[in-house]
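>>> attaching a predicted model along with its sequence, questions to come.
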Amino acid sequence: MSELNPQPSRLTSFLDNPAKGLWSLAMPIMIGMLAQTLYSVVDMMFIGRLGGDSIAAVAFNMPLFFLVLGITVGIGSGVTASIARFIGAREKTNADNCAEHALFLGIIITVILTTLGVLFGRDVLSAIGVTDTLVDLSWSYLRINVFGIPFLVMSILFRSIMSGEGDTKSPMIVEGMGTVLNIILDPIFIFLLEFGVPGAAMASVISRAIVFTIFVYMLFFKKHSYITFNLKDFSFSGKILSDIVKVGLPASVSMVVMAVGQLFFNKLLVHFSTNTVAAYQIGGRLDMIVFMPILSIAVGMTTLVGMFYGAKEPEKVKWIIQYGIKRSFLITILLSFVIYIFAPWIVRGFSNDAFITETAVHYIRLMTLIYPLVSIGLTSGRILQGFGMGFPMLVITLVRILIVAVPLAWICVFIYHKPVEWVWYSMMVSAFLSMCISLGWLKYAFGRFLSVVPSERKDR
C-alpha cells in the first residue's frame, strides 16, 4: 500500500530521463571502483616488489576475502533492490525499516565471520592448499585483516542503503578517500616501517575503519540520507526480511560460489607452481579494470529497474534494459582491445619475473575474447535483482564456475595432462554458456512482468 511520503527528487528525475539517470548512478560508482581498483593494483605492485612468494601468500587470502565480500555484497544487493522498489512505490516507512534490518543483519554477519576468522583462519589456509613454506606468511596477512571485517561489512551495507535511494555519489567520495589513504599508508607500513606483507593488511584495516566512521557520521549524526533510522522504534518484519533475503541470499551464495571457485583454481594452479598462482592473481587485477565500468552500470541498473518496477513503468524498464546491456557490451569491447594491445607493458608493472609476466599476458589476452560475453551475463544478473529475483544469478554463477569451468579445468589438467592454457579455455567455455542462460532468464522475467502490470493497473 502506498503512503503519502513523496518520492525523492532523484526518482522523479530518473523517470523523466532514464539514460541520464543510469549515468548519474553509474558514474559515481565507476569513479569509486576506479579508486578501489587503483588501490588493488598499486597494492599488488608494492607486494610484488617483495617477491613471488609474497604475491602467492596474499593470493591465497583473496578467496577468503572474496567470501566475506561476497556474503556482504550479496545481502547488500537485496537491501538496494528492496529499498529501490519501496521508494518507487512511495513506501518510505518500509524503506526505512529495510535499512534498519540491514544494520542488524550486518551485526550478525560481522560477529560470525570475525569469530570464525580468529579461531580457524590459519587452519583454513592450510586446508585450501597453502604450502608449508607460505602458510606463516599468508596467516600473517589474514590475521590482521580479520579485525577489519566489521568495518568492511558495515561500510558495504551503508553504501547499499544509499544506493537503494539513488545516492551513489556520496559513497563514492567516502570510499575514494579511504582508497587514497590506503595507497599512502601501504608503502609506509610495507617498506618504511618494514612490516612487509602484514603491513599491507594494517594499511587496509586502518583505512576501512576511517571509512566506516565517516559513514556512521553521515547517516546517524548528519542525517545526510533520504532514509532515516529510528532504531528505538525498530520492529521486526518477516516480510521485509524475506524481501531482502529473497534477492540477497542467492546473491551471497553466488559470491561464495565464486570464492570457492577461486580456491579451486588456486589449488589447481599451484600444481604447476606458486608463480602460476601469482600470474593468475595479476591477471585478475586487470580483469577488475575491464569490469569496473560494467559493474558500475550493472549496479545502477539494479536501482533503476527496481524503481521503475515499483512504479509500474514497463516501457521504461524495457528501454533501460536494452540501453544498459548495449552500452556495457560496447564499452567492454573497447576496453578488451586496449588491454589486449598493452597487456605486456601493464603486467611488467607488477612483476619482473619472466615466467610470471608471460603467463599473465597469455591469460589476459585469452580473457579479452570473452569479456564482452561476461559483461552481458553480469548486467543481466543485476537486472534480474532489480525485478526482485536473486535465484537466477546463483544458477548462472553455479553453471559458470562449479558446473562447467572448475570440472572442465580439472579434467584437462589431471586426466588429460594439458598445460595451464586449458584452464583458461575452460573459463571461456563457461562464460559463453552462462551468458546464454542469463539472456534467456531475463527474457522470461520481463515477459512475466508485462503480464502482471496490466491487471495491477486495473485494480487502482
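Cool, the structure landed. Numbers count the residues shown, from 1 in each chain.
>>> quick one: Ser126 and Val135 touch, right?
Yes - here Ser126 reaches Val135: they are 5.8 Å apart, a contact under C-beta atoms under 8 Å. Backbone N, C-alpha and C define where each C-beta goes, glycine included.
>>> these two - which one has more neighbours?
Counted by other C-beta atoms under 10 Å, Ser126 and Val135 do not tie: Val135 has more neighbours, with 16 against 13.
>>> test my guess that that one contacts Arg122.
Yes - under the contact definition of C-beta under 8 Å, Val135 touches Arg122, with a separation of 7.1 Å.
>>> pretty sure Met307 is touching Ala89, no?
No - under the contact definition of C-beta under 8 Å, Met307 does not touch Ala89, with a separation of 9.1 Å.
>>> looking at the two, which has the bigger crowd around it?
In terms of neighbours (other C-beta under 10 Å), Met307 is the more surrounded of Met307 and Ala89; the figures are 33 against 19.
>>> gap between that one and Ser24?
If you measure Met307 against Ser24 using C-beta to C-beta, to the nearest Å, the figure is 12 Å.
>>> what of Phe308?
Relative to Ser24, Phe308 is positioned 15 Å away (C-beta to C-beta).
>>> cool, Met435 as well?
Computed with C-beta to C-beta, the distance linking Met435 and Ser24 is 28 Å.
>>> the more surrounded of the two?
Taking other C-beta under 10 Å, Met435 and Ser24 do not tie; Met435 has more neighbours (21 against 18).
>>> what score does the more buried one have for pLDDT?
Looking at Met435, its pLDDT stands at 91.
>>> mind listing what the residue positioned nearest the centre of the chain touches?
With distances taken as C-alpha atoms, centre = their mean, the chain has Val73 as the residue nearest its mean C-alpha position (6.2 Å). Residues counted as contacts of Val73 (C-beta atoms under 8 Å, 6 or more residues apart in numbering) are 156, 160, 251-252, 255.
>>> please apply the same query to Val205.
For Val205, the set of contacting residues under the criterion of C-beta under 8 Å, 6+ apart consists of 144-145, 147-148, 151.
>>> do that again at 10 Å, thanks
144-149, 151-152, 182, 185 (C-beta atoms under 10 Å, 6 or more residues apart in numbering).
>>> Met45 contacts Ser54, doesn't it?
No - applying C-beta atoms under 10 Å, one finds Met45 not in contact with Ser54, separated by 11.6 Å.
>>> and the two? which has more neighbours close in?
Between Met45 and Ser54, counted using other C-beta under 10 Å, Ser54 has the larger neighbour count: 23 against 15.
>>> the more buried one and Asn61, how far apart?
As it turns out, when the distance is counted by C-beta to C-beta, Ser54 lies 11 Å from Asn61.
>>> now do the shared contacts for those two.
Between them, Ser54 and Asn61 have 138, 141, 197 as joint contacts when contacts are counted by C-beta under 10 Å, 6+ apart.
>>> what about those, which are in helices?
With helices identified by DSSP state H, the entries of the shared contacts of Ser54 and Asn61 that belong to them are 138, 141, 197.
>>> quick one, what contacts the residue lying closest to the first one once chain neighbours are set aside?
So the one you mean is Ser138. In space, Ser138 comes closest to Ala57 once its chain neighbours are excluded; the distance is 4.2 Å by C-beta to C-beta, 6 or more residues apart in numbering. If a contact means C-beta under 10 Å, 6+ apart, then Ala57 has 47, 50-51, 125, 130-131, 133-142, 197, 274, 277-278 as its contacts.
>>> are any of those buried, and which?
47, 50, 125, 130, 134-135, 137-142, 197, 274, 277-278 (16 or more other C-beta atoms under 10 Å).
>>> and Asn230, what does it touch?
Contacts of Asn230 were listed using C-beta under 10 Å, 6+ apart, and they are 93, 96-97, 99-100.
>>> how about His417?
Neighbour list for His417: empty [criterion: C-beta under 10 Å, 6+ apart].
>>> helix, strand or coil for it?
Per DSSP: H, G, I helix; E, B strand; the rest coil, the local secondary structure of His417 is coil.
>>> check what pLDDT it gets.
Turning to His417, the model gives it a pLDDT of 92.
>>> next: Ser273.
On pLDDT, Ser273 comes in at 88.
>>> how about it, nearest residue that isn't a chain neighbour?
Excluding its sequence neighbours, the residue lying closest to Ser273 (C-beta to C-beta, 6+ apart) is Phe355, at 7.8 Å.
>>> which neighbouring elements make contact with the helix or strand harbouring that neighbour?
Here Phe355 is covered by helix 354-367, with elements defined by DSSP states H and E. In terms of contacts (3 or more C-beta pairs under 10 Å, 6 or more residues apart in numbering; DSSP states H and E), helix 354-367 is packed against helix 52-59, helix 274-310, helix 314-347, helix 421-458.
>>> so it versus helix 314-347, what angle?
When axes from the mean of the first three to the mean of the last three C-alpha atoms, to 10 degrees is applied, the directions of helix 354-367 and helix 314-347 differ by 160 degrees.
>>> if anything else comes up later, I'll come back, but that's it for now.
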